[in-house]
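Enquirer: have a look at this prediction, sequence included:
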Amino acid sequence: KLMTDTVKSVLITAGASGIGRVIAEAFLAQGHQVHVCDISAEAIAELRAEQPLITSTLGDVSLRDQVDQLFVEFKGLYGQLDILVNNVGIAGPTAALEDIDPDDWDHTINVDLNSLFYVSRQAAPLLKTSKGCMINMASNAALFGFPLRSAYAAAKWATIGLTKTWAMELGPFGVRVNALCPGSVSGPRIERVIAKDAEQRGVSEEAIRDVYQRQNSLRVFVEAEEIAQTILFLCSSAGRNISGQAIPIDGHTEGLSNWLE
Ligand code: NAD
């Protein structure tokens, strides 16, 4: 029987907009109970206006006390957790090693890496009880060196390290842990990244967009919906023996540094 046949409680970090929202709506469309946490009150208000069945907590998952509060609220609402999607992630600084502001570095590591620990340590006992699933959002930047994006690359490589480690720790309890490695996803975020990159390198946004697309064999940007559908698959019984994997959804990235050539 597919896990998606029974109603599951799903928690998605940074779920009020972007890829997280698409994931939230995909679970909702399958009839699941969906709770999102997001730092943006505006994004939560927009989501709730359109999807009143999705519950939410306003909070910053890089802050431990706010994560604790998230779990108080989540447990009060649902009691159990079947699926955790650690989706939060910011692009961080685009700068050469010696030009990175250490405060930007710390902030990026807090949001992209430490949040993963804060949220997952609270989720682990609940996932053991439900024999649930954890999905961690990495990136194709977790598979290659990524010039000018040190903090992001560091956090995303660490995400795969944690995914494999926690798959081993939680696997004997029936909990599966996987990471996804999307390539550039169509949408406003990639447009912001392209704009910053173009500014940093002093070239046009079109040139950067072209380079990003030429970095993968299929010459594409991916759609958030493809990520959501992969998560549904991984959390279904069809994925019941898939754990500890870092799964690219990226048109086959060939490298992230060919802009240098
Ligand atoms: P996004 O920039 O669109 O942000 C999504 C949401 O995150 C926003 O609603 C924002 O308010 C929330 N958020 C930011 N900081 C937060 C915090 N500290 N606590 C709680 N919420 C916070 O992001 P996205 O493009 O949807 O990316 C989602 C995930 O996918 C990230 O982990 C990202 O690294 C990864 N990813 C994205 C791409 C891409 O091209 N967009 C590619 C590969 C991987």
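Expert: Received the coordinates, thanks. Computed from a prediction, not measured in an experiment: that's the story for all the values here. Residues are numbered from 1 along each chain as shown.
Enquirer: distance of the nearest residue to Phe173 once chain neighbours are set aside relative to Val177?
Expert: Spatially, and ignoring its direct neighbours in sequence, Phe173 is nearest to Lys128 (4.3 Å; C-beta to C-beta, 6 or more residues apart in numbering). Bear in mind the C-beta positions are built from the backbone N, C-alpha and C, glycine included. Lys128 is 12 Å from Val177, where distance means C-beta to C-beta, to the nearest Å.
Enquirer: which one of those two is surrounded by more residues?
Expert: Val177 (27 against 14; other C-beta atoms under 10 Å).
Enquirer: need the contact list for that one.
Expert: The neighbours of Val177, taking C-beta atoms under 8 Å, 6 or more residues apart in numbering as the test, are Cys133, Met134, Ile135, Asn136, Thr163, Trp166, Ala167, Leu170, Gly171, Ser243, Gly244.
Enquirer: tell me the pLDDT at it?
Expert: On pLDDT, Val177 comes in at 99.
Enquirer: circling back: how about the secondary structure of the residue nearest to Phe173?
Expert: Using DSSP: H, G, I helix; E, B strand; the rest coil, the structure places Lys128 in helix.
Enquirer: model confidence score at it, please.
Expert: 98.
Enquirer: residue contacts, it?
Expert: The contact partners of Lys128, by C-beta under 8 Å, 6+ apart, come to Leu170, Phe173, Gly174, Val175.
Enquirer: in the lengthiest helix in the chain, what counts as buried?
Expert: Identified as the longest helix of the chain according to DSSP state H is helix 150-170. Across helix 150-170, burial judged by 16 or more other C-beta atoms under 10 Å covers 150-160, 162-164, 166-167, 170.
Enquirer: ok, Ser56 to the ligand distance?
Expert: Going from Ser56 to the ligand by C-beta to the nearest ligand atom, to the nearest Å gives 11 Å.
Enquirer: so that residue sits in a strand?
Expert: Yes: assessed with three-state DSSP, Ser56 lies in a strand.
Enquirer: touching, it and Glu46? I think so.
Expert: No: counting by C-beta atoms under 8 Å, Ser56 does not reach Glu46; the two are 11.0 Å apart.
Enquirer: more neighbours, the two?
Expert: Ser56 (23 against 14).
Enquirer: can you classify Cys37 as helix, strand or coil?
Expert: strand.
Enquirer: so who does it touch?
Expert: Counted by C-beta under 8 Å, 6+ apart, Cys37 has contacts Leu11, Ile12, Thr13, Ala14, Gly15, Ser56, Thr57, Leu58, Gly59, Val61, Leu70.
Enquirer: apply 6 Å and report the result again.
Expert: Listed by C-beta atoms under 6 Å, 6 or more residues apart in numbering, the contact partners of Cys37 are Thr13, Thr57, Gly59, Val61, Leu70.
Enquirer: where exactly do the helices run in this protein?
Expert: So, for the chain - with DSSP H - the helices run 18-29, 41-50, 64-78, 102-109, 115-130, 150-170, 188-201, 205-214, 224-235.
Enquirer: what helices and strands are in contact with the first one?
Expert: The contact analysis (3 or more C-beta pairs under 6 Å, 6 or more residues apart in numbering; DSSP states H and E) places helix 18-29 against strand 9-13, strand 33-38, helix 224-235.
Enquirer: now do the buried residues in it.
Expert: Using 16+ other C-beta under 10 Å as the test for burial, helix 18-29 gives Gly18, Ile19, Gly20, Arg21, Val22, Ile23, Ala24, Glu25, Ala26, Phe27.
Enquirer: okay, the nearest residue to Ala228 once chain neighbours are set aside: pLDDT?
Expert: With sequence-adjacent residues excluded and distances taken as C-beta to C-beta, 6+ apart, Ala228 is closest to Ala26, at 3.7 Å. As predicted, Ala26 sits at a pLDDT of 98.
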